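# sharing a sequence plus its predicted fold:
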Amino acid sequence: MKKLLCVIAFLFCLGLSYSVSAQAVKKTTQAVEKGAKKAGNETAEVASKGKATVTDKVYKDKVGPKGQKIYIDGHSRYYWIDEKGHKNYVTEAELKARKK
C-alpha cells in the first residue's frame, strides 16, 4: 500500500511539472516571436531609409506630420518611412516647416 501511494504521489508530481514546463515553453516561444518580429521591423526600417537616402532626395526644409524625415521620389511625390519600413505618402499641404 505504501509503495502504491508513493508511485501515485510521484506520478502526480510528474504531471504537475509537465504542466509548468509546457507553460514555460509557451511563454518563451511568445517572447522569441516578439523579439524576432521587432528585429525584422527594425531591419526593414533601416534598409528602407538607407535605400531612400541613396535613391531619392531628402526634403531638408520640411518634416512630416509627426516630425518624420521627408523624402521626394522620382515622380515628385513626398513620403516618409514608418517603423515597419513602409512608405507613407503625404501631400505638400500636410508637411510642416522644420524647426531650427
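It's in.
# then the helix or strand hosting residue 89 to CSV, C-alphas only?
Of the helices and strands defined by DSSP states H and E, residue 89 is found in strand 87-90. Output of strand 87-90 as CSV, limited to C-alpha atoms (Å, rounded to 0.1, in the frame of the first residue of the first chain):
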residue,chain,number,x,y,z
LYS,A,87,6.4,54.3,-47.4
ASN,A,88,3.6,56.7,-46.3
TYR,A,89,2.9,59.2,-49.0
VAL,A,90,1.7,62.7,-47.9
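# what does the very next helix or strand once past it contact?
Remark: after strand 87-90, the chain's next helix or strand is strand 96-97, criterion DSSP H and E. With contacts defined as CB atoms under 8 Å, 6 or more residues apart in numbering, strand 96-97 is touched by 61-65, 67. C-beta here means a position set from N, CA and C on the backbone, and glycine is covered the same way.
# which of the residues you listed are buried?
62-64 (16 or more other CB atoms under 10 Å).
# redo those as CSV? Include secondary structure and pLDDT.
Below are the buried ones among the contacts of strand 96-97 laid out as CSV (DSSP: H, G, I helix; E, B strand; the rest coil; pLDDT from 0 to 100):
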residue, secondary structure, pLDDT
62, strand, 92
63, strand, 93
64, coil, 91
